[in-house]
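*Asks:* here you go, sequence then predicted model.
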Amino acid sequence: GDSVTQMEGPVTLSEEAFLTINCTYTATGYPSLFWYVQYPGEGLQLLLKATKADDKGSNKGFEATYRKETTSFHLEKGSVQVSDSAVYFCALSDKRTANQFYFGTGTSLTVIP
Amino acid sequence: DAGVIQSPRHEVTEMGQEVTLRCKPISGHDYLFWYRQTMMRGLELLIYFNNNVPIDDSGMPEDRFSAKMPNASFSTLKIQPSEPRDSAVYFCASSLNRVSEKLFFGSGTQLSVL
């Protein structure tokens, strides 16, 4: 079945450091891929998405490229800020399964000044 | 729009008691999802509805869990009787339609069963 695997945390970085959170997926069809972010005490929010191979999703300085050949969707940001501290979830959605989402286990990021 | 609204934000109860969690999806959204989040298992889909009809409840842990959606603007998740292992954050989410591909989450209900 469809699934998502993302790197385990927690991740601690200094402000302005480079961030990479790895995500790989398994899917039988052609899924859309997402990164959601969860700030403390809140629900998940969509951060970015990509709907087909080679698409790049971007938002708030974060980027991720849909790589079909490596079945990956790694999240990157060139210079993190303290306000980026949150839990990041990789997810996929396959339209064939009626909008069902499969989430990774989440990666906690803490950015220290 | 106020977004997805869940209540209560926090619930503390004793083992064996009935617990009811509530959710109001965003108006006009056709899909409603219930998720459970724990440290051990991450985010798990429990059940989802389309146009108020349960489509897939294979994620519901056991018969103690039940969910209803009596109309387009309201859903409940009930646990009866509750057990300490049910302690988790329960999220409700909604999406516009089959192709919208974006979930809108509520703020969650933090449930503690003592």
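*Replies:* Okay, I see it.

*Asks:* C-alpha from now on. contacts and neighbour counts both.
*Replies:* OK.

*Asks:* which residues touch residue 13?
*Replies:* No chain specified, so I'll use chain A. A:L19, A:V80, A:L109, A:T110, A:V111, A:I112 (C-alpha atoms under 8 Å, 6 or more residues apart in numbering or on different chains).

*Asks:* my bad, chain B
*Replies:* Counting by C-alpha under 8 Å, 6+ apart, B:T13 has contacts B:V19, B:L111, B:S112, B:V113, B:L114.

*Asks:* quick check, nearest of the residues you listed to chain A?
*Replies:* Distance to chain A, by C-alpha to the nearest C-alpha, is smallest for B:L111 among those, at 13.3 Å.

*Asks:* what's the burial count for the closest one?
*Replies:* 20 (other C-alpha atoms under 10 Å in any protein chain shown).

*Asks:* pretty sure it contacts B:P84?
*Replies:* No - in this structure, B:L111 is not within contact of B:P84 by C-alpha atoms under 8 Å, at 9.5 Å.

*Asks:* how many neighbours does whichever residue of chain A sits closest to chain B have?
*Replies:* Nearest residue of chain A to chain B: A:G43, at 4.4 Å (C-alpha to the nearest C-alpha). Residues lying near A:G43 (other C-alpha under 10 Å) number 21.

*Asks:* which non-adjacent residue is nearest it?
*Replies:* B:S107 (4.4 Å; C-alpha to C-alpha, 6 or more residues apart in numbering or on different chains).

*Asks:* A:S93 too?
*Replies:* The shortest distance from A:S93 to any non-neighbouring residue, by C-alpha to C-alpha, 6+ apart, is to A:F101 (4.6 Å).

*Asks:* what packs against the strand or helix carrying that neighbour?
*Replies:* According to DSSP states H and E, A:F101 maps onto strand A:100-103. When contacts are defined as 3 or more C-alpha pairs under 8 Å, 6 or more residues apart in numbering or on different chains; DSSP states H and E, strand A:100-103 sits against strand A:3-6, strand A:86-94.

*Asks:* now with 10 Å, please.
*Replies:* Packing partners of strand A:100-103 (3 or more C-alpha pairs under 10 Å, 6 or more residues apart in numbering or on different chains; DSSP states H and E): strand A:3-6, strand A:32-38, strand A:86-94, strand B:31-38, strand B:42-50.
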